[in-house]
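Chemist: Show me how the following folds:
(one chain, ligands or ions: 2)
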Amino acid sequence: MKVAVLGAAGGIGQPLSLLCKASPLIDELSLYDVVNTPGVAADLSHISTPAVVAGYLPKDDGMKHAFTGCDVVIIPAGIPRKPGMTRDDLFKINAGIVRDLVKGVTEYCPKAFVLIISNPVNSTVPIAAEVLKAAGVFDPKKLFGVTTLDVVRAETFVATLSGAKNPSKTTIPVIGGHSGQTIVPLFSQANPKVDIPADKLDGLVYRVQFGGDEVVKAKDGTGSATLSMAYAGFRFAEKIIKAVKGEAGIIEPTYVYLPGIAGGDAIAKETGCEYFSIPVELGPTGAEKAFNVVSNANDQEKKLLEGCYADLKGNIEKGIDFIKNPPATK
Ligand SMILES: NC(=O)C1=CN([C@@H]2O[C@H](COP(=O)(O)OP(=O)(O)OC[C@H]3O[C@@H](n4cnc5c(N)ncnc54)[C@H](O)[C@@H]3O)[C@@H](O)[C@H]2O)C=CC1
Ligand SMILES: O=C([O-])CC(=O)C(=O)O
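Modeler: Ligands and ions are numbered 1, 2, ... in the order given. The predicted structure follows:
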(Lines give C-alpha, C1' and ligand atoms only; values in the text may rest on other atoms or scores of the structure.)
(Ligands and ions follow the chains in the order given, each with its own letter.)
Protein backbone atom coordinates (compact mmCIF):
# COMPACT_ATOMS: atom_id res chain seq x y z
CA MET A 1 0.00 0.00 0.00
CA LYS A 2 1.74 3.13 -1.26
CA VAL A 3 0.20 6.44 -0.16
CA ALA A 4 1.20 9.91 -1.35
CA VAL A 5 0.46 13.15 0.48
CA LEU A 6 0.60 16.19 -1.86
CA GLY A 7 1.18 19.39 0.08
CA ALA A 8 2.93 17.26 2.69
CA ALA A 9 4.97 20.09 4.21
CA GLY A 10 1.90 22.17 5.07
CA GLY A 11 -0.24 22.69 8.14
CA ILE A 12 -2.43 19.67 7.29
CA GLY A 13 0.18 17.77 5.32
CA GLN A 14 2.64 17.32 8.20
CA PRO A 15 0.31 15.91 10.87
CA LEU A 16 -1.53 13.88 8.19
CA SER A 17 1.81 12.40 7.11
CA LEU A 18 2.60 11.62 10.75
CA LEU A 19 -0.68 9.71 11.12
CA CYS A 20 0.05 7.82 7.89
CA LYS A 21 3.57 6.96 9.09
CA ALA A 22 2.08 5.65 12.34
CA SER A 23 -0.38 3.39 10.48
CA PRO A 24 0.52 -0.29 10.14
CA LEU A 25 -1.70 -0.40 7.02
CA ILE A 26 0.75 1.67 4.93
CA ASP A 27 3.98 0.23 3.45
CA GLU A 28 5.28 3.23 1.54
CA LEU A 29 4.69 6.92 2.19
CA SER A 30 5.53 9.45 -0.47
CA LEU A 31 5.66 13.12 0.53
CA TYR A 32 5.36 15.72 -2.24
CA ASP A 33 5.38 19.51 -1.89
CA VAL A 34 6.99 22.52 -3.55
CA VAL A 35 9.05 23.05 -0.36
CA ASN A 36 10.56 21.25 2.64
CA THR A 37 9.64 17.60 1.97
CA PRO A 38 13.22 16.29 2.37
CA GLY A 39 13.21 17.57 5.96
CA VAL A 40 9.73 16.31 6.81
CA ALA A 41 10.56 12.90 5.32
CA ALA A 42 13.89 12.66 7.20
CA ASP A 43 12.12 13.50 10.45
CA LEU A 44 9.29 10.96 9.97
CA SER A 45 11.70 8.28 8.75
CA HIS A 46 13.13 7.92 12.29
CA ILE A 47 9.78 6.62 13.60
CA SER A 48 9.97 2.87 14.17
CA THR A 49 6.95 1.81 12.12
CA PRO A 50 7.02 -0.27 8.90
CA ALA A 51 6.18 2.48 6.38
CA VAL A 52 9.16 3.58 4.28
CA VAL A 53 9.09 7.36 3.81
CA ALA A 54 10.52 9.48 1.00
CA GLY A 55 10.25 13.21 0.30
CA TYR A 56 10.10 14.78 -3.17
CA LEU A 57 10.22 18.28 -4.64
CA PRO A 58 9.26 19.23 -8.23
CA LYS A 59 12.95 19.22 -9.34
CA ASP A 60 14.65 16.03 -10.54
CA ASP A 61 11.36 14.52 -11.80
CA GLY A 62 10.06 14.59 -8.23
CA MET A 63 6.42 14.30 -9.24
CA LYS A 64 7.10 11.21 -11.30
CA HIS A 65 9.01 9.50 -8.50
CA ALA A 66 6.51 10.55 -5.83
CA PHE A 67 3.39 9.45 -7.73
CA THR A 68 4.49 6.30 -9.54
CA GLY A 69 2.96 3.16 -8.04
CA CYS A 70 0.67 5.02 -5.62
CA ASP A 71 -2.55 3.31 -4.54
CA VAL A 72 -3.90 6.32 -2.64
CA VAL A 73 -3.18 10.01 -3.24
CA ILE A 74 -4.28 12.54 -0.60
CA ILE A 75 -4.25 16.21 -1.66
CA PRO A 76 -4.12 18.95 0.98
CA ALA A 77 -2.02 21.26 -1.26
CA GLY A 78 -3.02 24.89 -1.60
CA ILE A 79 -3.57 28.05 0.35
CA PRO A 80 -5.83 28.21 3.43
CA ARG A 81 -8.29 30.97 4.40
CA LYS A 82 -7.62 34.09 6.42
CA PRO A 83 -10.37 35.85 8.40
CA GLY A 84 -12.93 37.51 6.10
CA MET A 85 -12.36 35.08 3.22
CA THR A 86 -14.79 32.46 1.92
CA ARG A 87 -13.58 29.09 0.68
CA ASP A 88 -14.54 30.24 -2.82
CA ASP A 89 -11.97 33.05 -2.48
CA LEU A 90 -9.31 30.29 -2.56
CA PHE A 91 -10.43 29.15 -6.02
CA LYS A 92 -8.16 31.57 -7.91
CA ILE A 93 -5.00 29.90 -6.58
CA ASN A 94 -6.07 26.41 -5.56
CA ALA A 95 -7.95 25.51 -8.76
CA GLY A 96 -4.72 25.56 -10.77
CA ILE A 97 -2.77 23.70 -8.06
CA VAL A 98 -5.33 20.86 -7.96
CA ARG A 99 -5.54 20.75 -11.78
CA ASP A 100 -1.78 20.36 -12.13
CA LEU A 101 -1.42 17.76 -9.38
CA VAL A 102 -4.27 15.66 -10.80
CA LYS A 103 -2.64 15.91 -14.25
CA GLY A 104 0.35 14.27 -12.57
CA VAL A 105 -1.94 11.55 -11.23
CA THR A 106 -3.24 10.85 -14.76
CA GLU A 107 0.35 10.42 -15.96
CA TYR A 108 1.97 8.46 -13.15
CA CYS A 109 -0.74 6.68 -11.09
CA PRO A 110 -4.01 6.81 -13.07
CA LYS A 111 -5.58 3.98 -11.07
CA ALA A 112 -5.01 5.56 -7.65
CA PHE A 113 -7.77 6.56 -5.26
CA VAL A 114 -7.71 10.36 -5.14
CA LEU A 115 -8.79 12.17 -1.96
CA ILE A 116 -9.19 15.93 -2.34
CA ILE A 117 -8.87 18.12 0.76
CA SER A 118 -7.86 21.39 -0.98
CA ASN A 119 -10.59 24.04 -0.88
CA PRO A 120 -13.02 24.94 -2.25
CA VAL A 121 -13.82 21.19 -2.25
CA ASN A 122 -17.21 21.90 -3.90
CA SER A 123 -15.26 23.04 -7.00
CA THR A 124 -11.86 21.29 -6.75
CA VAL A 125 -13.45 17.82 -7.01
CA PRO A 126 -15.24 18.69 -10.31
CA ILE A 127 -11.91 20.14 -11.50
CA ALA A 128 -10.16 16.86 -10.67
CA ALA A 129 -12.92 14.87 -12.41
CA GLU A 130 -12.63 16.95 -15.59
CA VAL A 131 -8.84 16.49 -15.67
CA LEU A 132 -9.24 12.72 -15.19
CA LYS A 133 -11.98 12.62 -17.86
CA ALA A 134 -9.84 14.55 -20.35
CA ALA A 135 -7.09 11.96 -19.88
CA GLY A 136 -9.59 9.10 -20.28
CA VAL A 137 -8.90 7.67 -16.82
CA PHE A 138 -11.86 8.92 -14.75
CA ASP A 139 -13.26 6.29 -12.41
CA PRO A 140 -15.96 8.03 -10.30
CA LYS A 141 -15.66 5.30 -7.66
CA LYS A 142 -12.10 6.43 -6.95
CA LEU A 143 -12.45 10.20 -6.63
CA PHE A 144 -13.48 11.65 -3.27
CA GLY A 145 -13.90 15.10 -1.76
CA VAL A 146 -12.97 14.74 1.90
CA THR A 147 -15.89 16.10 3.93
CA THR A 148 -15.10 14.00 7.01
CA LEU A 149 -14.26 17.07 9.10
CA ASP A 150 -17.92 18.12 8.88
CA VAL A 151 -18.93 14.68 10.16
CA VAL A 152 -16.31 14.81 12.92
CA ARG A 153 -17.57 18.26 13.98
CA ALA A 154 -21.20 17.11 14.00
CA GLU A 155 -20.25 14.13 16.19
CA THR A 156 -18.31 16.37 18.56
CA PHE A 157 -20.80 19.23 18.84
CA VAL A 158 -23.83 16.97 19.28
CA ALA A 159 -22.05 15.24 22.17
CA THR A 160 -21.88 18.55 24.03
CA LEU A 161 -25.70 18.35 24.17
CA SER A 162 -26.23 14.58 24.47
CA GLY A 163 -23.41 14.05 26.96
CA ALA A 164 -22.18 11.05 24.91
CA LYS A 165 -18.88 9.91 26.41
CA ASN A 166 -17.38 8.89 23.05
CA PRO A 167 -18.62 11.35 20.40
CA SER A 168 -17.40 9.27 17.44
CA LYS A 169 -19.76 6.41 18.38
CA THR A 170 -22.74 8.44 17.14
CA THR A 171 -23.19 8.25 13.36
CA ILE A 172 -24.52 11.47 11.84
CA PRO A 173 -24.95 11.86 8.08
CA VAL A 174 -23.62 15.26 7.04
CA ILE A 175 -24.38 15.76 3.37
CA GLY A 176 -24.26 18.31 0.52
CA GLY A 177 -21.01 20.18 0.06
CA HIS A 178 -18.18 21.60 2.14
CA SER A 179 -18.86 25.29 2.73
CA GLY A 180 -21.37 27.25 4.78
CA GLN A 181 -24.96 26.48 3.92
CA THR A 182 -23.99 23.69 1.50
CA ILE A 183 -23.11 21.63 4.61
CA VAL A 184 -26.29 19.91 5.81
CA PRO A 185 -26.25 17.79 8.99
CA LEU A 186 -29.16 15.34 9.21
CA PHE A 187 -29.49 15.05 12.98
CA SER A 188 -32.87 13.32 12.55
CA GLN A 189 -30.95 10.34 11.14
CA ALA A 190 -28.37 10.10 13.92
CA ASN A 191 -27.68 6.59 15.11
CA PRO A 192 -28.18 6.05 18.01
CA LYS A 193 -30.96 8.67 18.08
CA VAL A 194 -30.11 12.02 19.66
CA ASP A 195 -32.56 14.30 21.41
CA ILE A 196 -31.77 17.89 20.52
CA PRO A 197 -33.80 20.53 22.41
CA ALA A 198 -35.75 22.63 19.87
CA ASP A 199 -34.14 25.88 21.05
CA LYS A 200 -30.65 24.42 20.48
CA LEU A 201 -31.11 22.98 16.98
CA ASP A 202 -30.44 26.10 14.87
CA GLY A 203 -27.30 26.88 16.85
CA LEU A 204 -26.03 23.35 16.44
CA VAL A 205 -26.64 23.35 12.68
CA TYR A 206 -24.92 26.73 12.38
CA ARG A 207 -21.88 25.47 14.31
CA VAL A 208 -21.46 22.49 11.95
CA GLN A 209 -21.94 24.68 8.86
CA PHE A 210 -19.53 27.36 10.06
CA GLY A 211 -17.13 25.32 12.24
CA GLY A 212 -14.34 26.16 9.81
CA ASP A 213 -14.88 29.89 10.40
CA GLU A 214 -14.64 29.33 14.16
CA VAL A 215 -11.09 27.99 13.69
CA VAL A 216 -10.10 30.61 11.09
CA LYS A 217 -11.17 33.34 13.55
CA ALA A 218 -9.36 31.75 16.52
CA LYS A 219 -6.16 31.30 14.47
CA ASP A 220 -6.36 35.02 13.74
CA GLY A 221 -4.71 35.20 10.33
CA THR A 222 -2.34 32.23 10.68
CA GLY A 223 -4.53 29.72 8.81
CA SER A 224 -7.46 27.36 9.17
CA ALA A 225 -8.11 23.93 10.68
CA THR A 226 -5.05 21.72 10.30
CA LEU A 227 -4.90 19.24 13.20
CA SER A 228 -8.59 18.32 13.20
CA MET A 229 -8.39 18.10 9.39
CA ALA A 230 -5.37 15.80 9.56
CA TYR A 231 -7.35 13.59 11.95
CA ALA A 232 -10.39 13.63 9.66
CA GLY A 233 -8.33 13.10 6.49
CA PHE A 234 -6.55 10.14 8.00
CA ARG A 235 -9.83 8.71 9.30
CA PHE A 236 -11.22 8.77 5.76
CA ALA A 237 -8.03 7.48 4.10
CA GLU A 238 -7.83 4.64 6.61
CA LYS A 239 -11.41 3.63 5.77
CA ILE A 240 -10.56 3.51 2.06
CA ILE A 241 -7.44 1.45 2.74
CA LYS A 242 -9.35 -0.98 4.98
CA ALA A 243 -12.08 -1.34 2.32
CA VAL A 244 -9.46 -1.98 -0.37
CA LYS A 245 -7.93 -4.64 1.84
CA GLY A 246 -11.32 -6.37 2.05
CA GLU A 247 -13.03 -5.08 5.21
CA ALA A 248 -16.78 -5.06 4.60
CA GLY A 249 -19.54 -2.70 5.74
CA ILE A 250 -17.59 0.57 5.78
CA ILE A 251 -19.91 3.54 5.19
CA GLU A 252 -18.87 7.20 5.36
CA PRO A 253 -20.17 10.42 3.81
CA THR A 254 -17.94 11.81 1.06
CA TYR A 255 -18.31 14.21 -1.87
CA VAL A 256 -18.59 12.15 -5.06
CA TYR A 257 -19.72 12.27 -8.69
CA LEU A 258 -23.15 10.72 -8.19
CA PRO A 259 -23.94 9.42 -11.70
CA GLY A 260 -20.86 7.17 -11.52
CA ILE A 261 -21.92 5.34 -8.36
CA ALA A 262 -24.62 2.72 -7.83
CA GLY A 263 -27.67 4.44 -6.38
CA GLY A 264 -26.26 7.87 -7.29
CA ASP A 265 -28.52 8.67 -10.25
CA ALA A 266 -31.65 8.90 -8.10
CA ILE A 267 -29.89 11.22 -5.65
CA ALA A 268 -28.59 13.42 -8.49
CA LYS A 269 -32.13 13.64 -9.86
CA GLU A 270 -33.63 14.51 -6.48
CA THR A 271 -30.97 17.12 -5.58
CA GLY A 272 -30.25 18.50 -9.06
CA CYS A 273 -26.53 18.20 -8.19
CA GLU A 274 -24.11 15.86 -9.96
CA TYR A 275 -21.59 16.18 -7.16
CA PHE A 276 -22.80 15.70 -3.61
CA SER A 277 -21.55 14.46 -0.28
CA ILE A 278 -23.60 11.44 0.74
CA PRO A 279 -22.95 8.29 2.79
CA VAL A 280 -21.30 5.74 0.51
CA GLU A 281 -20.35 2.14 1.09
CA LEU A 282 -16.65 1.63 0.43
CA GLY A 283 -15.32 -1.60 -1.04
CA PRO A 284 -12.27 -2.90 -2.91
CA THR A 285 -13.19 -0.89 -6.02
CA GLY A 286 -13.98 2.32 -4.10
CA ALA A 287 -17.38 3.97 -3.65
CA GLU A 288 -19.63 1.01 -4.38
CA LYS A 289 -23.03 2.32 -3.33
CA ALA A 290 -24.58 5.67 -2.42
CA PHE A 291 -27.36 5.80 0.18
CA ASN A 292 -30.26 8.15 -0.47
CA VAL A 293 -30.59 9.78 2.95
CA VAL A 294 -32.00 12.90 1.24
CA SER A 295 -35.43 11.29 0.81
CA ASN A 296 -35.76 10.78 4.55
CA ALA A 297 -34.88 14.37 5.52
CA ASN A 298 -37.45 16.05 7.76
CA ASP A 299 -39.03 19.45 6.98
CA GLN A 300 -36.37 21.49 8.77
CA GLU A 301 -33.63 19.57 6.91
CA LYS A 302 -35.43 19.93 3.57
CA LYS A 303 -35.30 23.70 4.05
CA LEU A 304 -31.56 23.49 4.69
CA LEU A 305 -31.18 21.35 1.58
CA GLU A 306 -32.82 24.02 -0.59
CA GLY A 307 -30.15 26.48 0.56
CA CYS A 308 -27.47 23.89 -0.15
CA TYR A 309 -28.57 23.20 -3.73
CA ALA A 310 -28.69 26.91 -4.56
CA ASP A 311 -24.99 27.45 -3.71
CA LEU A 312 -23.60 24.04 -4.62
CA LYS A 313 -24.73 24.03 -8.26
CA GLY A 314 -22.82 27.26 -8.93
CA ASN A 315 -19.68 25.91 -7.21
CA ILE A 316 -19.81 22.74 -9.35
CA GLU A 317 -20.31 24.68 -12.59
CA LYS A 318 -17.39 26.97 -11.72
CA GLY A 319 -15.08 23.98 -11.32
CA ILE A 320 -16.16 22.28 -14.54
CA ASP A 321 -15.90 25.55 -16.45
CA PHE A 322 -12.33 26.12 -15.22
CA ILE A 323 -11.21 23.04 -17.19
CA LYS A 324 -13.64 23.17 -20.13
CA ASN A 325 -13.22 26.90 -20.79
CA PRO A 326 -9.87 27.77 -19.25
CA PRO A 327 -9.36 31.48 -18.53
CA ALA A 328 -6.66 32.98 -20.76
CA THR A 329 -4.43 34.11 -17.88
CA LYS A 330 -4.09 31.25 -15.49
N1 LIG B 1 -11.61 19.63 3.15
C2 LIG B 1 -11.56 20.17 4.36
O3 LIG B 1 -12.37 19.87 5.22
C4 LIG B 1 -10.49 21.15 4.70
C5 LIG B 1 -9.71 21.70 3.71
N6 LIG B 1 -8.70 22.58 4.02
C7 LIG B 1 -7.91 23.11 2.90
O8 LIG B 1 -6.68 22.41 2.80
C9 LIG B 1 -5.72 23.23 2.12
C10 LIG B 1 -4.38 23.23 2.83
O11 LIG B 1 -4.48 23.84 4.09
P12 LIG B 1 -3.19 24.00 5.04
O13 LIG B 1 -2.45 22.73 5.12
O14 LIG B 1 -3.65 24.65 6.27
O15 LIG B 1 -2.33 25.04 4.18
P16 LIG B 1 -0.73 25.29 4.24
O17 LIG B 1 -0.47 26.56 3.50
O18 LIG B 1 -0.25 25.17 5.63
O19 LIG B 1 -0.14 24.06 3.41
C20 LIG B 1 -0.36 23.89 2.05
C21 LIG B 1 0.85 23.24 1.43
O22 LIG B 1 0.61 23.07 0.04
C23 LIG B 1 1.85 23.27 -0.61
N24 LIG B 1 1.66 23.52 -2.04
C25 LIG B 1 1.28 24.66 -2.66
N26 LIG B 1 1.27 24.48 -3.99
C27 LIG B 1 1.64 23.20 -4.22
C28 LIG B 1 1.82 22.42 -5.39
N29 LIG B 1 1.60 22.92 -6.61
N30 LIG B 1 2.22 21.13 -5.26
C31 LIG B 1 2.43 20.61 -4.03
N32 LIG B 1 2.28 21.30 -2.89
C33 LIG B 1 1.88 22.58 -2.98
C34 LIG B 1 2.48 24.44 0.14
O35 LIG B 1 3.87 24.52 -0.10
C36 LIG B 1 2.14 24.08 1.58
O37 LIG B 1 3.17 23.31 2.18
C38 LIG B 1 -6.36 24.62 2.03
O39 LIG B 1 -6.90 24.80 0.74
C40 LIG B 1 -7.49 24.55 3.05
O41 LIG B 1 -8.53 25.43 2.78
C42 LIG B 1 -8.43 22.92 5.31
C43 LIG B 1 -9.17 22.39 6.34
C44 LIG B 1 -10.29 21.51 6.11
O1 LIG C 1 -12.65 26.71 7.02
C2 LIG C 1 -11.70 26.50 6.24
O3 LIG C 1 -11.31 27.30 5.40
C4 LIG C 1 -11.03 25.17 6.29
C5 LIG C 1 -12.07 24.12 6.20
O6 LIG C 1 -12.51 23.75 5.13
C7 LIG C 1 -12.68 23.69 7.45
O8 LIG C 1 -12.12 23.90 8.55
O9 LIG C 1 -13.76 23.08 7.38
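
Chemist: Would you agree L19 falls within a helix?
Modeler: Yes: if the criterion is DSSP: H, G, I helix; E, B strand; the rest coil, then L19 is within a helix.

Chemist: wouldn't it be in contact with A232 here?
Modeler: No: L19 is not in contact with A232 according to Cβ atoms under 8 Å; the separation is 10.4 Å. Glycine gets a C-beta too; all of them are placed from N, C-alpha and C.

Chemist: Who has more neighbours out of these two?
Modeler: A232 (22 against 17; other Cβ atoms under 10 Å).

Chemist: Show me what the host helix or strand of that one is packed up against.
Modeler: Take DSSP states H and E as the rule and A232 turns out to sit in helix 227-244. For helix 227-244, the elements it packs on are helix 13-22, strand 72-75, strand 113-116, helix 148-162, strand 250-257, strand 275-283, judged by 3 or more Cβ pairs under 8 Å, 6 or more residues apart in numbering; DSSP states H and E.

Chemist: which stretch among those comes nearest ligand 1?
Modeler: Closest to ligand 1 of the helices and strands packed on helix 227-244, according to Cβ to the nearest ligand atom: helix 148-162, at 4.0 Å.

Chemist: so who does the residue nearest to the spatial centre of the chain touch?
Modeler: By Cα atoms, centre = their mean, the chain has its centre lying nearest to V146, at 1.2 Å. V146 is in contact with 74, 115-117, 121, 232-233, 236, 254-255, counting by Cβ atoms under 8 Å, 6 or more residues apart in numbering.

Chemist: And for E301?
Modeler: Contacts of E301 by Cβ under 8 Å, 6+ apart are 184, 186-188.

Chemist: Distance of it relative to ligand 2?
Modeler: 20 Å (Cβ to the nearest ligand atom, to the nearest Å).

Chemist: State the pLDDT value of that residue.
Modeler: With respect to pLDDT, E301 scores 97.

Chemist: Could you export the helices and strands packed on helix 227-244 as a markdown table, including mean pLDDT?
Modeler: As requested, the helices and strands packed on helix 227-244 are arranged in a markdown table below (pLDDT from 0 to 100):
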| stretch | mean pLDDT |
| --- | --- |
| helix 13-22 | 98 |
| strand 72-75 | 98 |
| strand 113-116 | 98 |
| helix 148-162 | 95 |
| strand 250-257 | 98 |
| strand 275-283 | 98 |
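
Chemist: average pLDDT for the helix holding A232?
Modeler: Mean predicted confidence for helix 227-244 is 98.

Chemist: Closest one of the contacts of V146 to T106?
Modeler: I116 (14.4 Å; Cβ to Cβ).

Chemist: The closest one touches G145, doesn't it?
Modeler: Yes: checked against Cβ under 8 Å, the pair I116 and G145 is within contact range at 5.2 Å.

Chemist: who touches both of the two?
Modeler: 124-125.

Chemist: What helix or strand is the residue in the chain positioned nearest to ligand 2 located in?
Modeler: Nearest to ligand 2 in the chain, going by Cβ to the nearest ligand atom, is G212, at a distance of 2.3 Å. Taking DSSP H and E as the criterion, G212 maps to helix 211-219.

Chemist: how close does whatever residue of the chain ends up closest to ligand 1 sit to D265?
Modeler: Nearest residue of the chain to ligand 1: G10, at 2.0 Å (Cβ to the nearest ligand atom). Per Cβ to Cβ, to the nearest Å, G10 is found 37 Å from D265.

Chemist: out of those two, which sits in the more crowded spot?
Modeler: More crowded of G10 and D265, by other Cβ under 10 Å: G10, with 24 against 13.

Chemist: where does that one fall, helix, sheet strand or coil?
Modeler: coil.

Chemist: From L16, how far out is the closest residue in space to it that isn't next to it in sequence?
Modeler: For G10, ignoring the flanking residues on the chain, the nearest one in space by Cβ to Cβ, 6 or more residues apart in numbering is P76 at 6.2 Å. Using Cβ to Cβ, P76 is found at 6 Å from L16.

Chemist: Might you enumerate the residues of the stretch 101-250 of the chain proximal to ligand 2?
Modeler: 119, 149, 212, 215-216, 224-225 (Cβ under 6 Å from any ligand atom).

Chemist: at 8 Å what do you get?
Modeler: 119, 121, 149-150, 153, 178-179, 211-213, 215-216, 224-225, 228-229 (Cβ under 8 Å from any ligand atom).
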